[in-house]
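S.K.: coords please:
(2 chains)
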2 protein chains.
Amino acid sequence: MSIKNDLILRAAKGEQVERVPVWLMRQAGRILPEYRAVRAKSKNFIEFVKNPEMAAEVTIQPVDILGVDAAIIFSDILVIPEAMGLPYQMIESKGPVFEKTVKNRADVEALHVSSGEELNYVIKAIELTKKKLDNRVPLIGFCGAPWTLFAYMIEGKGSKTFSEAKKFLYTQPVLSHLLLEKIALSSINYLNAQIDAGADMVQIFDSWAGVLGPEQYNEFSLRYISMICEGINYRVPVTVFAKDAHFAIEEIAKIKCNTIGLDWTMNAANARKIVGNTKTLQGNADPCMLYSDEKTIEAEASKMLKAFGKDRYIANLGHGLYPDTDFNKVKYFVDCIKNHKF
Amino acid sequence: MSIKNDLILRAAKGEQVERVPVWLMRQAGRILPEYRAVRAKSKNFIEFVKNPEMAAEVTIQPVDILGVDAAIIFSDILVIPEAMGLPYQMIESKGPVFEKTVKNRADVEALHVSSGEELNYVIKAIELTKKKLDNRVPLIGFCGAPWTLFAYMIEGKGSKTFSEAKKFLYTQPVLSHLLLEKIALSSINYLNAQIDAGADMVQIFDSWAGVLGPEQYNEFSLRYISMICEGINYRVPVTVFAKDAHFAIEEIAKIKCNTIGLDWTMNAANARKIVGNTKTLQGNADPCMLYSDEKTIEAEASKMLKAFGKDRYIANLGHGLYPDTDFNKVKYFVDCIKNHKF
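M.R.: Now for the predicted structure:
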């Protein structure tokens, strides 16, 4: 059965579209009262993530409430470290915390390449979501980039500088590659399982790309993102979003992906010049812009659409929605994009 | 009396140099055991900053111990908010915390433009340092960029996104400009007082430049940095360091400054192309690189020097030294730069 609104898939493949498609990173999340109601039924975040019914329910909410052109499966990038043998907790208003971190060769060797089977709860959530979505819009699957997962696995929590993880790259390059490869192989299995279960496109999130310089980025991050893209081999469209990695856009444009996500520090025209016309661009409104009044939101949405143009473009933010954003403003932003006349 | 080693001043002005000068952001700091010994004599950080004798002592330490080509006065960018009427505390391993934050017009109006007199303790520290330095190397003065100080004054502490401060820009642009102007005027008075007291060059630190997009950066940050540069009017060389502001380099190159600081995400050749030949570049080694072995440090130092070239360049890091860096490695890095043959 074909998907009724397949705008995003066509935009990703560079095909003709009637209008620019739009979805928002973290659209299934705390901005929606309906999400918070479901979330309140679970003791903790991990239990919530592991419940396929709940995950499917909050995945579909933004399609119904915000009218976005795609759903993205509700999950977390840190399910991969957990599947590899490194469990974590999500501490309210603090973020993820790993009980154990990776310190040496024995720690790396103790981790296994996930076949994707440990993540069966995500696969079930995808199957359920696909059923409930009933082909209205495409479903996006995702994973974290190996470098970003590596950074958490070494640091054990978020960090402003990720200096421990970077120290590991500088002092243990061979071991770093070993761990990054294990993460990449796990991610390939995981994304392929998501695609088998019905994910119509996938996105790789490199949230901490920006703490690396260009050379380290190529060696320790992009290489493994590229490995994952090869492992998908265009089965479905792939988006790479490397936040704050302005220096890497040119190189990302060379790998086997369809779409490049941009943060709001990137100028649309410059990005297009660097990337060329064979990839789709995605982004890049500042999530804080949604704190503005409607007039500003409309003007900013319109400016963004004019800057990127109608084709080979997927409207989105340059980062995930911030939890304290008024969902009416978010809906207004989505409507502005959908109603824009070129 | 003229300064014996004036390499940095000449490099900043684009004059001939025998070799590339080097200093390091946060060189007067926790990496030095000698610093920690002086620091231990004070009850807290604020008391330490306000003690001119101690400040002068730790300012000179890296000149003696590391052999850097400049001293930078030991102080903190948040002395300006304090001088304007917004005191803060420095909480160990957490960072700065303001008791009160700026929330509305009344809060902005309650703050006054500092004449620089409230900061007499910094001025005294500069006078003492100049005496003790005995013209061996130049002394660098500094201040925070108005946007970075504004961000702390709204948030009351550090933040990953500075979404509260950005919300203020989006929802209260007029009030934002009023506060930013007050900070800029205070900073002009402050830097001019530092120069009167003997500072041989000054640097403006925009630590949170990277959370703004290009348009907001021009309107709310660069405009006030430029105002400060006009207020100095080339009395001494001025360096602007806007961390993570890759998108702003071209615009920074147009204001009344001599040197542009770069973080490690910037490619030297690209930066030179964007900036042209009328400004000096400063930077941009990754502080984490100093965790490497000596062989790597030497190779990285050499690569950096070759990429930037001998002229119109000041070697430095792309961010302040991280406190857990081995000072022997730091000294080795400084020596590599001083001994490099082009």
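
S.K.: quick one: contacts for residue A:277?
M.R.: residue A:312 (Cβ atoms under 8 Å, 6 or more residues apart in numbering or on different chains). (Glycine included, C-beta is placed from N, CA and C.)

S.K.: Checking my notes, it in a helix, right?
M.R.: No. Checked against DSSP: H, G, I helix; E, B strand; the rest coil, residue A:277 lies outside a helix; its state is coil.

S.K.: gap between it and residue A:312?
M.R.: 7 Å (Cβ to Cβ, to the nearest Å).

S.K.: next one: residue A:116
M.R.: On the measure of Cβ to Cβ, residue A:116 and residue A:312 end up 31 Å apart.

S.K.: and if you look at residue A:220?
M.R.: 29 Å.

S.K.: Packing partners of the helix or strand hosting residue A:46?
M.R.: In the assignment (DSSP states H and E), residue A:46 maps to helix A:45-49. Applying 3 or more Cβ pairs under 8 Å, 6 or more residues apart in numbering or on different chains; DSSP states H and E, one finds that helix A:45-49 contacts helix A:52-65, strand A:88-91.

S.K.: Is the next helix or strand after the last one in proximity to chain B?
M.R.: When you say that, I think you mean strand A:88-91. Downstream of strand A:88-91, the next assigned helix or strand under DSSP H and E is strand A:95-98. No. Shown here: strand A:95-98 not in contact with chain B (Cβ under 8 Å from any Cβ of the partner chain), separated by at least 9.3 Å.

S.K.: okay, the helix or strand harbouring residue A:11 in CSV with CA atoms only?
M.R.: Element membership for residue A:11, per DSSP H and E: helix A:7-13. What follows is helix A:7-13, C-alpha atoms only, in CSV (Å, rounded to 0.1, in the frame of the first residue of the first chain):
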residue,chain,number,x,y,z
LEU,A,7,6.0,14.6,0.3
ILE,A,8,9.0,14.0,2.6
LEU,A,9,10.1,10.9,0.7
ARG,A,10,9.9,12.6,-2.6
ALA,A,11,11.8,15.7,-1.3
ALA,A,12,14.5,13.4,0.1
LYS,A,13,14.9,11.7,-3.3
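
S.K.: Can you list the buried residues in the helix or strand just after it?
M.R.: Toward the C-terminus, helix A:7-13 is succeeded by helix A:33-39 as the next helix or strand (DSSP H and E). For helix A:33-39, the neighbour count (16 or more other Cβ atoms under 10 Å in any protein chain shown) marks A:34, A:35, A:38, A:39 as buried.

S.K.: swap in stretch A:37-56?
M.R.: Here stretch A:37-56 shows A:38, A:39, A:45, A:46, A:48, A:49, A:50, A:51, A:52, A:54, A:55, A:56 as buried, counting by 16+ other Cβ under 10 Å.

S.K.: List the contacts of that stretch.
M.R.: Contacts of stretch A:37-56 (Cβ under 8 Å, 6+ apart): A:30, A:57-58, A:73-76, A:79, A:88-90, A:121-122, A:124-125, A:127-129, A:132.

S.K.: let's see 6 Å
M.R.: A:57, A:58, A:74, A:75, A:76, A:90, A:121, A:124, A:125, A:128, A:129, A:132 (Cβ atoms under 6 Å, 6 or more residues apart in numbering or on different chains).

S.K.: what's the average pLDDT for the helix holding residue A:11?
M.R.: Helix A:7-13 carries an average pLDDT of 98.

S.K.: nearest spatial neighbour of whatever residue of the stretch 1-150 of chain A ends up closest to chain B, skipping sequence neighbours?
M.R.: Here the stretch 1-150 of chain A gets closest to chain B at one residue, residue A:95, 9.3 Å apart by Cβ to the nearest Cβ. Excluding the flanking residues, the one nearest residue A:95 by Cβ to Cβ, 6 or more residues apart in numbering or on different chains is residue A:158, at 4.7 Å.

S.K.: Could you list the low-confidence segments of chain A?
M.R.: Along chain A, segments meeting pLDDT under 70 span A:1.

S.K.: Chain B contacts on that one?
M.R.: Taking Cβ under 6 Å from any Cβ of the partner chain as the criterion, the neighbours of chain B within chain A are A:163, A:166-167, A:170-171, A:213-214, A:246-247, A:264-265, A:286, A:288, A:291-292, A:322.

S.K.: Residue A:31: neighbour count?
M.R.: Residue A:31 has 26 neighbours, counted by other Cβ atoms under 10 Å in any protein chain shown.

S.K.: Select the longest helix from chain A.
M.R.: helix A:173-197 (DSSP state H).

S.K.: buried residues in that helix?
M.R.: For helix A:173-197, by 16+ other Cβ under 10 Å, it's A:175-176, A:179-180, A:182-195, A:197.

S.K.: cool, stretch A:87-96 as well?
M.R.: Within stretch A:87-96, judged by 16+ other Cβ under 10 Å, the buried ones are A:88, A:96.

S.K.: what's stretch A:19-35 in contact with?
M.R.: A:7-8, A:11, A:58-59, A:61-62, A:68-70, A:74, A:310, A:313-317, A:320-321, A:323, A:325, A:327, A:330, A:334, A:337.

S.K.: re the thing from before, does the residue of the stretch 1-150 of chain A closest to chain B touch residue A:155 like I think?
M.R.: No. Residue A:95 is not in contact with residue A:155 according to Cβ atoms under 6 Å; the separation is 11.0 Å.

S.K.: and the helix or strand encompassing residue A:128, which residues are buried?
M.R.: Residue A:128 belongs to helix A:120-133 when assigned by DSSP H and E. For helix A:120-133, the neighbour count (16+ other Cβ under 10 Å) marks A:122, A:123, A:124, A:125, A:126, A:128, A:129, A:130, A:133 as buried.

S.K.: now for that helix, which elements pack on it?
M.R.: helix A:52-65, helix A:173-197 (3 or more Cβ pairs under 6 Å, 6 or more residues apart in numbering or on different chains; DSSP states H and E).
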